[in-house]
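1. task: produce atomic coordinates for the following.
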Amino acid sequence: MTKRRFPRLQGATGWALSAPATLAVLGFLLVPIGAVIAGTFMDPRGVFAPYISYFNSGFRTTVLFRTLQIAALTTIISLIFGFMTAYVVSRAPGKLKSLLIIAAVFPLLTGVVVRAFAWLIILGRNGILNQTLLGLGITSEPLEMLYTQGAVIVGMVYLFVPLMVLSLVGVLENIPRDVLQASSSLGASPIATFWQVLLPLAVPGLIVGAVLVFTGSFTAYATPQLLGGERQTVLATLLHQRAMVSFDWVGASTIAAIMTVITIAIVLAMSHIARRINPMAT
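-> You can find the predicted model right below:
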């Protein structure tokens, strides 16, 4: 009876309950980001001078494309390994499924820096992998694996695959096995079943996982700094250098603005792709 007589009061209560969180987001997230971006348009040389200066620099554009390439490759590789792992986990029986989920997300229990240092030990010139290759006679001298783009991508994939697995397991669990069996009974090959049935139904988890992995790898700092060094400078490390070494706050703000715009654009693009593949995904 109260619900029917005071609908406006219920709406006001909902707004009142959400107001603290909304104000916190505005005050601690949107306002600082807006202030950083607005500061880039107040350069005495011109409104767009910082951006023109950034894109006229061959080094800075190389850093931008390198960061995009690393983030894209990390996302694709994480999608492949994450999907296979999540599918196996989703089809496992009860107790085994719990153990597999724990094993899949176990790396999340350690810090990012600790995991990066583990790869330093594995990929170093005197590391475990080089010593193994030398011991087996596969190589005659240690390989230069550290401070390469490959090392950064390997560290990123190891860092973000658990997030992809968590994003996909729940979605794949909710796909009835009867649907896949019906596809096979109607004459569809396993490849056709995957592309036409399983993949479209898994789109929501794929999009969520891809967004998490891409944005995380695009803005990552510790792993590229430790495994890539100065040879593999990315936007996050370049931003740190501009802000904390060169004290070029306008340059650092410009990089932050570019990263924000690209991240939002990628999220919107992935959402559009999701709607095209599966209209029920978003």
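2. for the spatially most central residue of the chain, list the residues it contacts.
-> Closest residue to the average C-alpha location of the chain: residue 213 at 1.7 Å, with C-alpha atoms, centre = their mean. Residue 213 makes contacts with 74-75, 78-79, 160, 163-164, as judged by C-beta atoms under 8 Å, 6 or more residues apart in numbering. C-beta coordinates here come from the backbone N, C-alpha and C atoms, glycine included.
3. buried sites along the longest helix along the chain?
-> Ordering each helix of the chain by length in residues (DSSP state H) puts helix 58-91 first. Neighbour counts over helix 58-91 (16 or more other C-beta atoms under 10 Å) mark 60, 63-64, 66-68, 70-71, 73-75, 77-79, 82-83, 85-90 as buried.
4. sorry, back to before: so which of the contacts of residue 213 is the closest to residue 102?
-> For these, the closest approach to residue 102 (C-beta to C-beta) belongs to residue 163, at 15.2 Å.
5. quick check: buried residues in whichever strand or helix holds residue 251?
-> Using DSSP states H and E, residue 251 sits within helix 249-277. For helix 249-277, a neighbour-count test (16+ other C-beta under 10 Å) marks 250-259, 262-263, 266, 270, 274 as buried.
6. can you check stretch 161-178 too?
-> 161-169, 171-172, 175.
7. shouldn't residue 100 be in contact with residue 91?
-> No - in this structure, residue 100 is not within contact of residue 91 by C-beta atoms under 8 Å, at 10.2 Å.
8. by pLDDT, give me the weakest of the buried residues of helix 249-277.
-> In terms of pLDDT, the lowest of the buried residues of helix 249-277 is residue 274, showing 75.
9. per-residue pLDDT, residue 96?
-> At residue 96, the model reports a pLDDT of 89.
10. that one: how many residues sit nearby?
-> By other C-beta atoms under 10 Å, the residues close to residue 96 number 12.
11. nearest to residue 195, of the contacts of residue 213?
-> Nearest to residue 195 among the contacts of residue 213: residue 79, at 14.6 Å, using C-beta to C-beta.
12. doesn't residue 165 make contact with the closest one?
-> No - Residue 79 lies out of contact with residue 165 (C-beta under 8 Å); the separation is 10.8 Å.
13. returning to that earlier point: now the residue nearest to the centre of the chain: how far from residue 160?
-> Per C-beta to C-beta, to the nearest Å, residue 213 is found 4 Å from residue 160.
14. wait, isn't residue 105 in contact with residue 167?
-> No - counting by C-beta under 8 Å, residue 105 does not reach residue 167; the two are 11.4 Å apart.
15. quick one on the thing from earlier: in helices only, show me the buried residues of stretch 161-178.
-> Among these, the members found in helices (DSSP H) are 161-169, 171-172.
16. where in this structure is pLDDT low?
-> Counting by pLDDT under 70, the ranges of the chain that qualify are 1-12, 14, 278-282.
17. circling back to that earlier point, secondary structure element for the residue nearest to the centre of the chain?
-> Assigned by DSSP H and E, residue 213 belongs to helix 203-218.
18. what comes into contact with the helix or strand that that helix is followed by?
-> Following helix 203-218 in sequence order, the next helix or strand is helix 222-228 (DSSP H and E). Residues outside helix 222-228 that contact it (C-beta under 8 Å, 6+ apart): 70, 112-113, 115-117, 119-120, 123, 146-149, 151-152, 154-156, 159, 232-234, 236-237, 240.
19. next step: these restricted to helices.
-> When DSSP H defines the helices, the subset of those inside them is 70, 112-113, 115-117, 119-120, 123, 149, 151-152, 154-156, 159, 236-237, 240.
20. could you flag which of those are buried?
-> Using 16+ other C-beta under 10 Å as the burial test, the ones in helices among the contacts of helix 222-228 include 70, 112, 115-116, 119, 123, 149, 151-152, 154-156, 159, 236-237 as buried.
21. what's the first-to-last distance across stretch 238-246?
-> End-to-end span of stretch 238-246 (C-alpha to C-alpha, to the nearest Å): 10 Å.
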